[in-house]
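**Student:** please work out how this folds:
(2 chains)
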There are 2 protein chains.
Amino acid sequence: MNRMNQPFAFDADTEWETAGEGIRRKILTYNPQVMMVRVAFEAGAIGVAHSHPHIQCSLVEEGVFDITIAGRTERLKSGDSFLVPSNAVHGAVAVEAGVLLDVFTPMREDFVAAER
Amino acid sequence: MNRMNQPFAFDADTEWETAGEGIRRKILTYNPQVMMVRVAFEAGAIGVAHSHPHIQCSLVEEGVFDITIAGRTERLKSGDSFLVPSNAVHGAVAVEAGVLLDVFTPMREDFVAAER
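**Tutor:** From the prediction side, this is the model:
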């Protein structure tokens, strides 16, 4: 479902999609400027180091993650948050199963290309 | 603590501040373009209708809220999300005690003015 510019997005209407080995994501609310995405990791799942021009900020909703941003790694748990500058290389390792809430500005066009 | 541009923000280092009757907030990670803020509501607390030029997207982390955006009200629970366009009037009523994760683009300069 294309939720572009919709004011409300209900969890029950939103499907998980595979986003890597042991990783699933749900696209939440978005418009061209900003997009929220929930990402669920099985224990040990690895969000491989990558970069994108979008600024990303993320909250650890559940679990424990080792997050690396531009060469610095920290262990984060529920309630901790992080910020990825434009084009900074970053990655995640789920030390325990968990969930990240990722927010991108501008939106990730590549995440919805398949929906069109 | 001024966390502008810091890549990591730890929950344990972050204090709650009063943001209205029955409402507290914690500023999480931010840079000039984006800011994450956790907002905790007691049952019945009211986020009075207001507007701002910043685009806002929010996740219901916990609880049940009646959210009004530009005259439309929906009841949201954990995992639901919403999007507030620039300058749209919006408000929240905590039907049950709960927590919102608000993200603003650009950052809310007014939220950190007191820290400077």
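
**Student:** quick one: the strands in chain A?
**Tutor:** Ranges of strands in chain A, per DSSP state E, are A:8-9, A:17-20, A:23-31, A:34-41, A:46-50, A:55-62, A:64-69, A:72-77, A:81-84, A:90-94, A:98-105.

**Student:** deepest-packed of the ones you listed, please.
**Tutor:** Comparing those by mean neighbour count (mean count of other Cβ atoms under 10 Å in any protein chain shown), strand A:81-84 comes out on top with a mean of 26. Using the backbone N, CA and C atoms, a C-beta is placed for each residue, glycine as well.

**Student:** pLDDT score assigned to residue A:113?
**Tutor:** If you check residue A:113, the pLDDT there is 81.

**Student:** identify the residues contacting the residue most central in space within chain A.
**Tutor:** In chain A, the centroid-proximal residue (Cα atoms, centre = their mean) is residue A:102; its distance is 3.5 Å. Listed by Cβ atoms under 8 Å, 6 or more residues apart in numbering or on different chains, the contact partners of residue A:102 are A:36-39, A:56-58.

**Student:** now render these as a markdown table, adding distance to chain B and pLDDT.
**Tutor:** Shown next, in a markdown table, are these (distance: Cβ to the nearest Cβ, whole Å; pLDDT from 0 to 100):
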| residue | distance to chain B | pLDDT |
| --- | --- | --- |
| A:36 | 5 | 97 |
| A:37 | 10 | 97 |
| A:38 | 8 | 97 |
| A:39 | 13 | 98 |
| A:56 | 8 | 98 |
| A:57 | 5 | 98 |
| A:58 | 8 | 98 |
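
**Student:** so residue A:26 sits against residue A:12, correct?
**Tutor:** No. Counting by Cβ atoms under 8 Å, residue A:26 sits too far from residue A:12 to count as a contact (11.1 Å).

**Student:** how near is the residue nearest to residue A:91 when sequence neighbours are not counted to residue A:90?
**Tutor:** Once flanking residues are discounted, residue A:91 sits nearest to residue A:49: 3.6 Å by Cβ to Cβ, 6 or more residues apart in numbering or on different chains. Residue A:49 sits 7 Å away from residue A:90, going by Cβ to Cβ, to the nearest Å.

**Student:** mutual contacts of those two, please.
**Tutor:** residue A:68.

**Student:** so residue A:112 touches residue A:2, yeah?
**Tutor:** Yes. With contact defined as Cβ under 8 Å, residue A:112 counts as touching residue A:2 (6.9 Å).

**Student:** between the two, point out the one with more neighbours.
**Tutor:** residue A:112 (15 against 10; other Cβ atoms under 10 Å in any protein chain shown).

**Student:** ok, residue A:3 touching residue A:15?
**Tutor:** No. Taking contacts as Cβ under 8 Å, residue A:3 lies outside contact range of residue A:15: 11.7 Å.

**Student:** compare the two and say which is more crowded by neighbours.
**Tutor:** Of the pair residue A:3 and residue A:15, residue A:3 is the one with more neighbours under other Cβ under 10 Å, namely 21 against 8.
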